[in-house]
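S.K.: coords below, sequence missing:
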């Protein structure tokens, strides 16, 4: 692990000094820092879609504690905003920003609600500018309605990194975890996810190569099913009642006295 590797510590500090002296933009600084620290960065996107197309999204960046302190120190020396400040600044209005430490990693998370996919696209683009490694694009959501059920088709792209990296950095970057979790209404019936469980799917995506998430679900409108079932029951009851009435009238007719 990072804390017990003096050579890696020296290498990281040297990289930080080089970046500070070259006065690179904060986004490039963070990207290079990520690439030289295998296993110390965990990126996560969690999206939940409601039946009406609204939903919630959480974008989380977890950084190993020692690296987090190193990044803060470098940012202060550089006169640049810290990673936390960048995320807070880019967080959409009305969103929730949270930071906490868990299992040796400092988490920076932004969560927000959206009314439709258009708003989700807009808010995600704004948030991505602050989360650096959590960039998304091409968000699409289509809904096809039927009488008893509705189908949802969702897709989103995680663009590949455009920064030039060395073969060594590319090898190290494979250890960075990038997880995308999606929850759709109903049951997922088709997806390219790594894991599927009822209405949720999970992808593990390469931080360098990027990828695309695709999933379709079927949502049964149980209230419509209930109304239809009730109507059918009423029709059956009405039919049985009408049949009984007819039988009763026929019996009454047959039992009436006839004159001689």
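M.R.: Everything's here; your move. Remember, predicted model here, so these are calculated numbers, not experimental data.
S.K.: can we go C-alpha only for contacts and neighbour counts from here?
M.R.: OK.
S.K.: the spatially closest residue to residue 115 that is not a sequence neighbour and residue 184: what is the separation?
M.R.: Residue nearest to residue 115 in three dimensions, not counting chain neighbours: residue 54, with 4.3 Å by Cα to Cα, 6 or more residues apart in numbering. Residue 54 sits 11 Å away from residue 184, taking Cα to Cα, to the nearest Å as the criterion.
S.K.: got it, and residue 177?
M.R.: Noted for residue 177: a distance of 23 Å to residue 184, by Cα to Cα.
S.K.: how about residue 231, secondary structure?
M.R.: At residue 231, secondary structure determined by DSSP: H, G, I helix; E, B strand; the rest coil is helix.
S.K.: quick one, grab the pLDDT at it.
M.R.: Looking at residue 231, its pLDDT reads 76.
S.K.: same question for residue 22.
M.R.: The model's pLDDT for residue 22 equals 46.
S.K.: over to residue 165?
M.R.: The predicted structure lists residue 165 with a pLDDT of 61.
S.K.: next one: the one 10 residues further on
M.R.: Residue-level confidence at residue 175 comes out at 60, pLDDT.
S.K.: which one of residue 177 and residue 184 is surrounded by more residues?
M.R.: Taking neighbours as other Cα atoms under 10 Å, residue 177 and residue 184 compare with residue 184 leading, 26 against 19.
S.K.: so what's the more buried one up against?
M.R.: By Cα atoms under 8 Å, 6 or more residues apart in numbering, residue 184 lies in contact with 48, 49, 50, 51, 152, 199, 200, 216, 217.
S.K.: looking at those, which is nearest residue 101?
M.R.: residue 48 (24.1 Å; Cα to Cα).
S.K.: quick one: that closest one and residue 146, what's the gap?
M.R.: 22 Å.
S.K.: mind showing which ranges of the stretch 151-260 of the chain have poor pLDDT?
M.R.: Residue ranges of the stretch 151-260 of the chain with pLDDT under 70: 161-175, 222-226, 228-229, 255-260.
S.K.: all helices for it, in order.
M.R.: Counting by DSSP state H, counting those that start in this stretch, the stretch 151-260 of the chain has helices at residues 167-173, 222-255.
S.K.: any idea how far apart the tips of stretch 185-196 sit?
M.R.: Start and end residues of stretch 185-196 are separated by 14 Å (Cα to Cα).
S.K.: other residues contacting it?
M.R.: Against stretch 185-196 from outside (Cα under 8 Å, 6+ apart): 49-51, 152, 197-204, 213-220.
S.K.: grab the nearest non-local neighbour of residue 88.
M.R.: Nearest to residue 88 is residue 97, by Cα to Cα, 6+ apart, at 6.8 Å.
S.K.: thought that neighbour was touching residue 107?
M.R.: No - counting by Cα atoms under 8 Å, residue 97 stays clear of residue 107, with 10.4 Å between them.
S.K.: joint contacts of these two?
M.R.: By Cα under 8 Å, 6+ apart, no residue touches both residue 97 and residue 107.
S.K.: and these two? Which one has more around it.
M.R.: residue 107 (22 against 18).
S.K.: pLDDT value on that one, please?
M.R.: pLDDT at residue 107 comes out at 94.
S.K.: can you give me how far the helix or strand hosting it is from the chain middle?
M.R.: If you go by DSSP states H and E, residue 107 is part of strand 105-114. Remark: strand 105-114 is offset 12 Å from the chain centroid, using Cα atoms, centre = their mean, to the nearest Å.
S.K.: for that strand, which strands pair with it and how are they oriented?
M.R.: Strands adjacent to strand 105-114 in the sheet, as given by DSSP bridges, are strand 55-64 (antiparallel), strand 96-102 (antiparallel).
S.K.: tell me the most buried of those?
M.R.: Highest mean neighbour count among the strands paired with strand 105-114 (mean count of other Cα atoms under 10 Å): strand 55-64, with a mean of 21.
S.K.: contacts for it?
M.R.: With contact meaning Cα under 8 Å, 6+ apart, strand 55-64 is reached by 40-49, 104-116, 131, 134.
S.K.: what's the average pLDDT for the following helix or strand past the strand holding residue 107?
M.R.: Next in sequence after strand 105-114, counting helices and strands by DSSP H and E, comes helix 117-131. For helix 117-131, mean pLDDT rounds to 76.
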